[in-house]
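> Sharing a model prediction with you, sequence too.
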Amino acid sequence: MNFTAISWKRLVILCLGTAAAFFIFLRTIVSATHLMQAFGSLNTLLVLLAMVIILPTPVLSSVRWYALLRAAGHRLRFRKVAQITTASMAFIAVPGRLGDFVRAYPLRHEISTARTTATIVGEKILDIAMLCKTSSICRCFSCWDYRAYCGRRFRPSGTDYSSW
C-alpha cells in the first residue's frame, strides 16, 4: 500500500471540499467576527506550549507501536508504521477510541488481523499505564500546592499543620 502516491486531481478535490466545508461552517454555525475575536484573545505562549506538547504525539505513538510490533516478531519499516499511525489519527473522534483499531486494516495482508489487534491492545494498555503514572505525579504536586495554600490562607487558630 503506497500512502504517498496521490494524484493531483484527488488533492485538488480534497482541498476544494475542505475549503467549501470551512466556508459553510463559517456562514452557518459560527460568525467569522466572533471567531477572529476568539483567536485574537488567545495567549500566544500557551498556544505554542500546547503545540510543543501535542506535536510529538504521533511520533511517540508510532515509536511505541513499532517497538511492540518488533517485540511480536514482525519486521516492518518504521516509515510504514508511522504513516499508518498518523492516518489513524483521523479516526480519533470515534467513541471509545475504537478508531485506533483502524490501524490493523492496512497490515491485513502482511500480519494477521488478530496479531495486529493484539499489539494495538498492548499499546493502549501501555498508554493507560503512562496516563495513570502521569496523573499520579500531577496529583502529588497538586496536593502539595493545595496544602501549602490551605496552610497559609485558611489556618484556624490552634490547628497543628505540622503533620501535613
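Yes, it's here.

> most centrally placed residue in this protein?
By CA atoms, centre = their mean, the chain has its centre lying nearest to Thr57, at 5.7 Å.

> gap between that residue and Val121?
Per CB to CB, to the nearest Å, Thr57 is found 19 Å from Val121. (Glycine included, C-beta is placed from N, CA and C.)

> Next: Leu16.
Leu16 is 39 Å from Val121, where distance means CB to CB.

> and what of Tyr66?
Counting by CB to CB, the separation of Tyr66 from Val121 is 16 Å.

> Same check on Val52?
Using CB to CB, we find Val52 at a distance of 30 Å from Val121.

> Neighbour count for the two, which is higher?
Taking other CB atoms under 10 Å, Val52 and Val121 do not tie; Val121 has more neighbours (13 against 9).

> any idea how far Leu35 is from Phe25?
According to CB to CB, Phe25 and Leu35 sit 10 Å apart.

> Likewise for Asn43?
Counting by CB to CB, the separation of Asn43 from Leu35 is 17 Å.

> What's the local residue count around Cys140?
Neighbour count of Cys140, defined by other CB under 10 Å: 10.

> which residues touch it?
Cys140 sits next to no residue when contact means CB atoms under 8 Å, 6 or more residues apart in numbering.

> ok, now how distant is it from Ile29?
In terms of CB to CB, Cys140 sits 42 Å off from Ile29.

> Over to Arg115?
Applying CB to CB, the value for Arg115 to Ile29 is 43 Å.

> same deal with Pro106?
Pro106 is 34 Å from Ile29, by CB to CB.

> Equivalent analysis for Val81, please.
37 Å.

> For those two, indicate the residue with more neighbours.
More crowded of Val81 and Ile29, by other CB under 10 Å: Val81, with 24 against 7.

> mind checking pLDDT for the residue lying closest to the more buried one once chain neighbours are set aside?
Nearest residue to Val81 in three dimensions, chain neighbours excluded: Tyr66, at 4.5 Å (CB to CB, 6 or more residues apart in numbering). pLDDT recorded at Tyr66 is 93.

> per-residue confidence averaged over the helix or strand where Thr117 lies?
In the assignment (DSSP states H and E), Thr117 maps to helix 113-153. Averaged across helix 113-153, pLDDT comes to 75.

> try stretch 32-45
For stretch 32-45, mean pLDDT rounds to 83.
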